[in-house]
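> I'll drop the sequence and a predicted model, then ask my questions.
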Amino acid sequence: MGKDYYKTLGIPKGSNEEEIKKAYRRMALRFHPDKNKDANAEEKFKEIAEAYEVLSDPKKRVIYDQLGEEGLKTGGSSSSGAPGSSTYHYTFHGDPHATFASFFGGSNPFDMFFGSNRNHKQDMDMEEDDPFAHFGRQFGFPGGMNNGFPGEGRRRRGVQSERLGAGRKHQDPPVVHELKVSLEEIFHGCTKRMKITRRRLNPDGRSMRTEDKILNIVIKKGWKEGTKITFPKEGDETPENIPADIAFVLKDKGHAHFKRDGSNIIYNCKISLKEALCGCTVSIPTLDNRVISLPCHEIIRPGTVKRLRGEGLPFPKSPSQRGDLIVEFSVRFPDRIPPQSREIIRQHLPQS
(Lines give C-alpha, C1' and ligand atoms only; values in the text may rest on other atoms or scores of the structure.)
Protein backbone atom coordinates (compact mmCIF):
# COMPACT_ATOMS: atom_id res chain seq x y z
CA MET A 1 0.00 0.00 0.00
CA GLY A 2 1.32 3.48 -0.90
CA LYS A 3 2.12 6.37 1.38
CA ASP A 4 -0.73 8.24 3.07
CA TYR A 5 0.32 11.87 2.65
CA TYR A 6 -2.65 13.14 4.64
CA LYS A 7 -1.70 10.96 7.58
CA THR A 8 1.91 12.13 7.29
CA LEU A 9 0.80 15.75 7.77
CA GLY A 10 -1.85 14.80 10.33
CA ILE A 11 -4.79 16.27 8.41
CA PRO A 12 -8.05 14.90 6.97
CA LYS A 13 -8.41 14.30 3.25
CA GLY A 14 -10.66 17.29 2.63
CA SER A 15 -8.23 19.86 4.07
CA ASN A 16 -7.90 23.17 2.25
CA GLU A 17 -4.75 24.95 1.12
CA GLU A 18 -4.25 26.93 4.32
CA GLU A 19 -4.72 23.84 6.49
CA ILE A 20 -2.10 22.01 4.42
CA LYS A 21 0.34 24.90 4.82
CA LYS A 22 -0.29 25.09 8.55
CA ALA A 23 0.19 21.33 8.93
CA TYR A 24 3.47 21.40 7.02
CA ARG A 25 4.73 24.35 9.05
CA ARG A 26 3.95 22.55 12.30
CA MET A 27 5.35 19.15 11.31
CA ALA A 28 8.46 20.46 9.52
CA LEU A 29 9.53 22.54 12.51
CA ARG A 30 8.79 19.67 14.87
CA PHE A 31 10.93 17.16 12.97
CA HIS A 32 13.64 19.41 11.51
CA PRO A 33 16.94 17.51 12.11
CA ASP A 34 18.64 20.66 13.41
CA LYS A 35 16.26 20.64 16.40
CA ASN A 36 14.94 17.10 16.62
CA LYS A 37 17.72 14.66 17.43
CA ASP A 38 15.58 11.52 17.29
CA ALA A 39 17.02 8.78 15.09
CA ASN A 40 14.12 8.88 12.66
CA ALA A 41 13.78 12.67 12.45
CA GLU A 42 15.65 13.01 9.15
CA GLU A 43 13.48 10.39 7.42
CA LYS A 44 10.32 11.85 8.91
CA PHE A 45 11.39 15.33 7.80
CA LYS A 46 11.78 14.01 4.24
CA GLU A 47 8.37 12.29 4.30
CA ILE A 48 6.75 15.53 5.46
CA ALA A 49 8.37 17.48 2.62
CA GLU A 50 7.20 14.95 0.03
CA ALA A 51 3.66 14.98 1.41
CA TYR A 52 3.56 18.77 1.25
CA GLU A 53 5.00 18.86 -2.30
CA VAL A 54 2.15 16.62 -3.47
CA LEU A 55 -0.81 17.99 -1.49
CA SER A 56 0.05 21.66 -2.08
CA ASP A 57 0.05 21.15 -5.86
CA PRO A 58 -3.55 20.90 -7.19
CA LYS A 59 -2.58 18.74 -10.17
CA LYS A 60 -0.54 16.27 -8.14
CA ARG A 61 -3.20 16.17 -5.43
CA VAL A 62 -6.02 15.28 -7.86
CA ILE A 63 -4.00 12.42 -9.32
CA TYR A 64 -2.93 11.23 -5.85
CA ASP A 65 -6.50 11.33 -4.51
CA GLN A 66 -7.69 9.15 -7.38
CA LEU A 67 -4.73 6.84 -7.97
CA GLY A 68 -2.68 6.91 -4.78
CA GLU A 69 1.09 7.14 -4.54
CA GLU A 70 1.75 4.38 -7.05
CA GLY A 71 -0.46 5.91 -9.72
CA LEU A 72 1.08 9.34 -9.14
CA LYS A 73 4.63 8.06 -9.53
CA THR A 74 4.12 5.50 -12.30
CA GLY A 75 1.64 7.39 -14.42
CA GLY A 76 -1.09 4.75 -14.17
CA SER A 77 -4.32 5.30 -16.05
CA SER A 78 -7.56 6.30 -14.39
CA SER A 79 -11.06 5.42 -15.49
CA SER A 80 -12.23 8.64 -13.96
CA GLY A 81 -9.94 10.66 -16.21
CA ALA A 82 -7.72 12.46 -13.74
CA PRO A 83 -6.08 15.33 -15.65
CA GLY A 84 -2.81 14.11 -17.11
CA SER A 85 -2.93 10.86 -15.13
CA SER A 86 -1.92 8.70 -18.05
CA THR A 87 1.23 10.68 -18.77
CA TYR A 88 2.16 12.45 -15.51
CA HIS A 89 5.02 10.89 -13.57
CA TYR A 90 5.94 12.48 -10.24
CA THR A 91 9.29 11.95 -8.57
CA PHE A 92 10.17 13.67 -5.30
CA HIS A 93 13.34 15.72 -5.78
CA GLY A 94 14.78 14.23 -2.59
CA ASP A 95 15.88 17.44 -0.82
CA PRO A 96 13.52 18.23 2.10
CA HIS A 97 15.78 21.12 3.15
CA ALA A 98 15.13 22.84 -0.19
CA THR A 99 11.37 22.52 0.40
CA PHE A 100 11.83 23.89 3.92
CA ALA A 101 13.93 26.84 2.69
CA SER A 102 11.42 27.64 -0.06
CA PHE A 103 8.48 27.55 2.34
CA PHE A 104 10.03 29.75 5.03
CA GLY A 105 11.89 32.10 2.67
CA GLY A 106 15.22 31.12 4.19
CA SER A 107 17.15 28.04 5.20
CA ASN A 108 16.91 28.28 8.99
CA PRO A 109 14.17 30.23 10.77
CA PHE A 110 15.24 28.81 14.14
CA ASP A 111 18.22 31.11 14.58
CA MET A 112 16.17 34.23 13.87
CA PHE A 113 13.32 33.37 16.24
CA PHE A 114 14.81 31.23 18.97
CA GLY A 115 18.53 31.98 19.01
CA SER A 116 21.27 29.40 19.18
CA ASN A 117 20.89 28.91 22.95
CA ARG A 118 17.51 27.16 22.70
CA ASN A 119 17.57 23.40 22.83
CA HIS A 120 15.45 20.60 21.43
CA LYS A 121 13.36 20.17 24.59
CA GLN A 122 12.42 23.82 24.63
CA ASP A 123 11.32 23.68 21.01
CA MET A 124 9.25 20.58 21.58
CA ASP A 125 7.58 22.18 24.60
CA MET A 126 6.00 24.86 22.40
CA GLU A 127 2.38 24.56 21.40
CA GLU A 128 2.16 21.77 18.87
CA ASP A 129 -0.16 23.73 16.62
CA ASP A 130 2.18 26.70 16.45
CA PRO A 131 5.94 26.40 16.97
CA PHE A 132 6.22 30.20 16.72
CA ALA A 133 3.57 30.88 19.37
CA HIS A 134 6.11 31.17 22.22
CA PHE A 135 8.06 33.78 20.32
CA GLY A 136 4.89 35.70 19.42
CA ARG A 137 3.62 35.85 22.99
CA GLN A 138 7.06 36.73 24.34
CA PHE A 139 7.18 39.86 22.21
CA GLY A 140 3.51 40.78 22.45
CA PHE A 141 2.19 39.67 19.07
CA PRO A 142 -1.51 38.86 19.47
CA GLY A 143 -2.39 35.43 18.20
CA GLY A 144 1.27 34.50 17.70
CA MET A 145 2.87 36.06 14.63
CA ASN A 146 -0.12 37.00 12.54
CA ASN A 147 -3.54 37.84 14.00
CA GLY A 148 -5.09 34.44 13.90
CA PHE A 149 -2.59 32.60 11.61
CA PRO A 150 0.47 31.66 13.65
CA GLY A 151 3.80 32.08 11.91
CA GLU A 152 2.41 33.55 8.69
CA GLY A 153 4.10 36.90 9.24
CA ARG A 154 7.50 35.21 9.28
CA ARG A 155 6.78 33.42 6.05
CA ARG A 156 5.48 36.55 4.34
CA ARG A 157 8.54 38.51 5.34
CA GLY A 158 10.67 35.65 4.08
CA VAL A 159 8.85 35.65 0.75
CA GLN A 160 9.20 39.41 0.47
CA SER A 161 12.89 39.12 1.22
CA GLU A 162 13.23 36.41 -1.38
CA ARG A 163 11.44 38.57 -3.95
CA LEU A 164 13.68 41.53 -3.20
CA GLY A 165 16.71 39.30 -3.58
CA ALA A 166 15.38 37.87 -6.81
CA GLY A 167 15.01 41.38 -8.17
CA ARG A 168 18.76 41.85 -7.94
CA LYS A 169 19.55 38.55 -9.59
CA HIS A 170 19.98 38.07 -13.30
CA GLN A 171 19.69 34.96 -15.39
CA ASP A 172 22.80 33.92 -17.23
CA PRO A 173 22.55 33.60 -21.04
CA PRO A 174 21.52 30.17 -22.33
CA VAL A 175 24.28 27.57 -22.65
CA VAL A 176 23.89 26.14 -26.15
CA HIS A 177 25.35 22.82 -27.27
CA GLU A 178 25.35 21.31 -30.75
CA LEU A 179 23.84 17.84 -30.79
CA LYS A 180 24.73 15.72 -33.80
CA VAL A 181 22.17 13.12 -34.86
CA SER A 182 22.15 10.62 -37.70
CA LEU A 183 19.45 10.45 -40.35
CA GLU A 184 18.49 7.05 -38.97
CA GLU A 185 17.90 8.61 -35.54
CA ILE A 186 15.73 11.29 -37.13
CA PHE A 187 13.90 8.63 -39.12
CA HIS A 188 13.05 6.43 -36.14
CA GLY A 189 13.12 8.99 -33.30
CA CYS A 190 15.33 8.40 -30.28
CA THR A 191 16.30 9.57 -26.79
CA LYS A 192 19.79 10.88 -26.13
CA ARG A 193 21.16 10.86 -22.58
CA MET A 194 23.56 13.73 -21.92
CA LYS A 195 25.45 14.09 -18.66
CA ILE A 196 26.08 17.64 -17.48
CA THR A 197 28.09 18.83 -14.50
CA ARG A 198 26.88 21.98 -12.82
CA ARG A 199 27.14 23.94 -9.58
CA ARG A 200 24.06 24.11 -7.36
CA LEU A 201 23.28 26.00 -4.17
CA ASN A 202 23.03 24.15 -0.91
CA PRO A 203 19.96 24.75 1.27
CA ASP A 204 21.84 27.42 3.23
CA GLY A 205 21.63 29.62 0.12
CA ARG A 206 25.34 30.47 0.23
CA SER A 207 27.59 27.45 -0.21
CA MET A 208 27.62 25.44 -3.42
CA ARG A 209 28.13 21.86 -4.48
CA THR A 210 29.08 20.27 -7.79
CA GLU A 211 26.72 17.64 -9.10
CA ASP A 212 26.17 15.58 -12.22
CA LYS A 213 22.79 15.28 -13.87
CA ILE A 214 21.53 13.23 -16.78
CA LEU A 215 19.33 15.11 -19.24
CA ASN A 216 17.08 12.93 -21.38
CA ILE A 217 16.74 14.59 -24.79
CA VAL A 218 13.74 13.17 -26.62
CA ILE A 219 14.24 13.56 -30.38
CA LYS A 220 11.01 13.04 -32.25
CA LYS A 221 10.64 11.59 -35.72
CA GLY A 222 11.41 13.99 -38.51
CA TRP A 223 12.75 16.87 -36.46
CA LYS A 224 14.64 19.30 -38.65
CA GLU A 225 18.21 20.44 -38.33
CA GLY A 226 18.30 23.51 -36.12
CA THR A 227 15.52 22.33 -33.82
CA LYS A 228 16.28 23.55 -30.29
CA ILE A 229 15.51 21.56 -27.14
CA THR A 230 15.69 23.70 -23.98
CA PHE A 231 16.03 22.60 -20.36
CA PRO A 232 15.08 25.64 -18.22
CA LYS A 233 17.42 26.70 -15.39
CA GLU A 234 19.65 23.60 -15.48
CA GLY A 235 22.90 25.59 -15.56
CA ASP A 236 25.20 26.73 -12.75
CA GLU A 237 23.49 28.26 -9.72
CA THR A 238 25.16 30.76 -7.40
CA PRO A 239 23.86 33.13 -4.71
CA GLU A 240 24.00 35.97 -7.26
CA ASN A 241 22.42 34.41 -10.35
CA ILE A 242 19.42 32.60 -11.75
CA PRO A 243 20.65 29.40 -13.43
CA ALA A 244 20.98 29.57 -17.20
CA ASP A 245 18.85 27.49 -19.51
CA ILE A 246 20.68 24.66 -21.25
CA ALA A 247 19.77 24.19 -24.89
CA PHE A 248 20.69 21.59 -27.50
CA VAL A 249 20.49 22.41 -31.21
CA LEU A 250 20.14 19.51 -33.64
CA LYS A 251 22.83 19.13 -36.28
CA ASP A 252 22.73 16.45 -38.97
CA LYS A 253 25.64 14.03 -39.10
CA GLY A 254 27.13 13.31 -42.49
CA HIS A 255 25.75 10.16 -44.13
CA ALA A 256 27.42 7.60 -46.40
CA HIS A 257 24.55 7.57 -48.93
CA PHE A 258 22.11 10.41 -48.35
CA LYS A 259 21.87 14.16 -48.03
CA ARG A 260 18.93 15.82 -46.37
CA ASP A 261 16.62 18.42 -47.86
CA GLY A 262 13.96 19.15 -45.25
CA SER A 263 11.85 16.01 -45.04
CA ASN A 264 13.26 14.70 -48.32
CA ILE A 265 16.48 12.74 -48.66
CA ILE A 266 18.70 12.80 -51.73
CA TYR A 267 20.59 9.81 -53.09
CA ASN A 268 23.23 10.22 -55.78
CA CYS A 269 23.09 7.26 -58.15
CA LYS A 270 26.11 6.77 -60.41
CA ILE A 271 25.60 4.86 -63.65
CA SER A 272 27.80 4.18 -66.66
CA LEU A 273 27.40 5.83 -70.02
CA LYS A 274 26.23 2.49 -71.43
CA GLU A 275 23.51 2.24 -68.75
CA ALA A 276 22.51 5.84 -69.34
CA LEU A 277 22.06 5.26 -73.07
CA CYS A 278 20.76 1.69 -73.16
CA GLY A 279 18.64 1.54 -70.01
CA CYS A 280 19.16 -0.28 -66.73
CA THR A 281 17.66 -1.15 -63.36
CA VAL A 282 19.36 0.43 -60.36
CA SER A 283 19.16 -0.55 -56.69
CA ILE A 284 18.30 2.30 -54.33
CA PRO A 285 18.92 1.89 -50.55
CA THR A 286 16.48 3.31 -48.00
CA LEU A 287 16.87 4.58 -44.43
CA ASP A 288 15.02 1.56 -43.05
CA ASN A 289 17.47 -0.90 -44.67
CA ARG A 290 15.36 -1.90 -47.66
CA VAL A 291 16.50 -1.86 -51.29
CA ILE A 292 14.19 -0.55 -54.00
CA SER A 293 14.66 -1.67 -57.62
CA LEU A 294 14.21 1.33 -59.92
CA PRO A 295 13.91 0.51 -63.66
CA CYS A 296 15.23 3.17 -66.05
CA HIS A 297 14.19 2.48 -69.63
CA GLU A 298 14.60 5.94 -71.05
CA ILE A 299 17.90 7.70 -71.70
CA ILE A 300 19.36 9.10 -68.49
CA ARG A 301 20.99 12.47 -68.94
CA PRO A 302 23.39 13.99 -66.37
CA GLY A 303 21.24 15.69 -63.72
CA THR A 304 18.18 13.50 -64.32
CA VAL A 305 16.06 13.18 -61.16
CA LYS A 306 13.56 10.51 -60.16
CA ARG A 307 11.38 10.73 -57.07
CA LEU A 308 10.32 7.83 -54.85
CA ARG A 309 7.25 9.11 -53.04
CA GLY A 310 6.95 8.58 -49.30
CA GLU A 311 10.44 7.08 -48.86
CA GLY A 312 11.97 10.08 -47.10
CA LEU A 313 11.87 11.31 -43.50
CA PRO A 314 8.69 11.65 -41.43
CA PHE A 315 7.09 15.08 -41.40
CA PRO A 316 7.74 16.60 -37.95
CA LYS A 317 4.12 17.67 -37.47
CA SER A 318 2.62 14.55 -39.05
CA PRO A 319 5.06 11.64 -38.51
CA SER A 320 2.74 9.12 -40.16
CA GLN A 321 3.49 10.84 -43.47
CA ARG A 322 6.90 11.03 -45.07
CA GLY A 323 8.83 13.07 -47.57
CA ASP A 324 10.38 11.68 -50.73
CA LEU A 325 13.58 9.91 -51.64
CA ILE A 326 15.03 11.90 -54.54
CA VAL A 327 17.38 9.99 -56.85
CA GLU A 328 19.84 12.21 -58.69
CA PHE A 329 21.76 10.52 -61.48
CA SER A 330 25.34 11.16 -62.43
CA VAL A 331 26.77 9.51 -65.52
CA ARG A 332 30.27 8.11 -65.52
CA PHE A 333 31.91 8.78 -68.89
CA PRO A 334 34.73 6.49 -70.06
CA ASP A 335 38.28 7.79 -70.09
CA ARG A 336 38.85 6.44 -73.63
CA ILE A 337 36.99 4.71 -76.46
CA PRO A 338 38.68 2.31 -78.91
CA PRO A 339 38.85 3.69 -82.48
CA GLN A 340 36.51 1.04 -83.89
CA SER A 341 33.91 1.72 -81.19
CA ARG A 342 34.19 5.41 -81.79
CA GLU A 343 33.43 4.93 -85.46
CA ILE A 344 30.36 2.81 -84.66
CA ILE A 345 29.10 5.41 -82.22
CA ARG A 346 29.66 8.17 -84.73
CA GLN A 347 27.62 6.29 -87.31
CA HIS A 348 24.68 5.48 -85.03
CA LEU A 349 24.26 8.47 -82.77
CA PRO A 350 22.18 11.34 -84.13
CA GLN A 351 24.00 14.50 -85.16
CA SER A 352 21.93 16.75 -82.90
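Perfect, thanks for sending it. Numbers count the residues shown, from 1 in each chain.

> what's the first helix or strand after the helix or strand hosting residue 216?
Using DSSP states H and E, residue 216 falls within strand 208-219. Downstream of strand 208-219, the first helix or strand assigned by DSSP H and E is strand 228-231.

> run through who's touching that next one.
The set of residues external to strand 228-231 that reach it, using CB atoms under 8 Å, 6 or more residues apart in numbering, is 174, 176, 179, 215, 217-219, 245-250. Just so you know, the C-beta spots here come from the backbone N, C-alpha and C atoms, and that holds for glycine as well.

> give the PyMOL command for selecting the buried subset of those residues.
In PyMOL syntax, the buried subset of the contacts of strand 228-231 is picked out as below (16 or more other CB atoms under 10 Å):
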select buried, resi 179+217+219+245+246+247+248+250
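
> just the closest of the contacts of strand 228-231 to residue 202, please.
For the contacts of strand 228-231, the residue nearest residue 202 by CB to CB is residue 246; the value is 20.8 Å.

> how's this structure carved up into domains?
Here the domain assignment for the chain is 5-168, 171-252, 258-348, based on automatic domain parsing.

> which stretches of the stretch 151-300 of the chain form helices?
For the stretch 151-300 of the chain, applying DSSP state H, counting those that start in this stretch gives helices covering 152-168, 183-188, 273-278.

> hmm, who's touching the second one?
Going back to what we said before, that points to helix 183-188. For helix 183-188, using CB under 8 Å, 6+ apart, the contacting residues are 219, 221-223, 252-253, 255, 258, 260, 265, 287-288, 313-314.

> hmm, 10 Å instead?
Residues outside helix 183-188 that contact it (CB atoms under 10 Å, 6 or more residues apart in numbering) are 182, 190-192, 219-225, 227, 250, 252-260, 263, 265, 286-289, 312-314, 316, 322.

> list only buried entries from those residues.
Neighbour counting over the contacts of helix 183-188 (16+ other CB under 10 Å) leaves 219, 221-223, 227, 250, 252, 258, 260, 263, 265, 286-287, 312-314, 322 as the buried ones.

> okay, and which of those residues map to strands?
219, 250, 252, 258, 260, 265, 314, 322 (DSSP state E).

> for those, which one is nearest residue 73?
Nearest to residue 73 among those is residue 219, at 25.6 Å by CB to CB.

> grab the nearest non-local neighbour of the closest one.
Spatial nearest neighbour of residue 219, excluding adjacent residues (CB to CB, 6 or more residues apart in numbering): residue 190 at 5.2 Å.

> would you mind measuring from the one you found to residue 310?
Residue 190 sits 21 Å away from residue 310 when distances are taken as CB to CB, to the nearest Å.

> now do residue 241
Distance of residue 241 to residue 310, computed by CB to CB: 49 Å.

> try residue 350
The value you get for residue 350 to residue 310, if CB to CB is used, is 38 Å.

> so for these two, which sits in the more crowded spot?
residue 310 (10 against 4; other CB atoms under 10 Å).

> show me what the residue nearest in space to the middle of the chain is bridged to.
Per CA atoms, centre = their mean, the C-alpha nearest to the average position across the chain is that of residue 231, at 5.7 Å. Beta-bridge pairing for residue 231 (DSSP bridges): residue 246.
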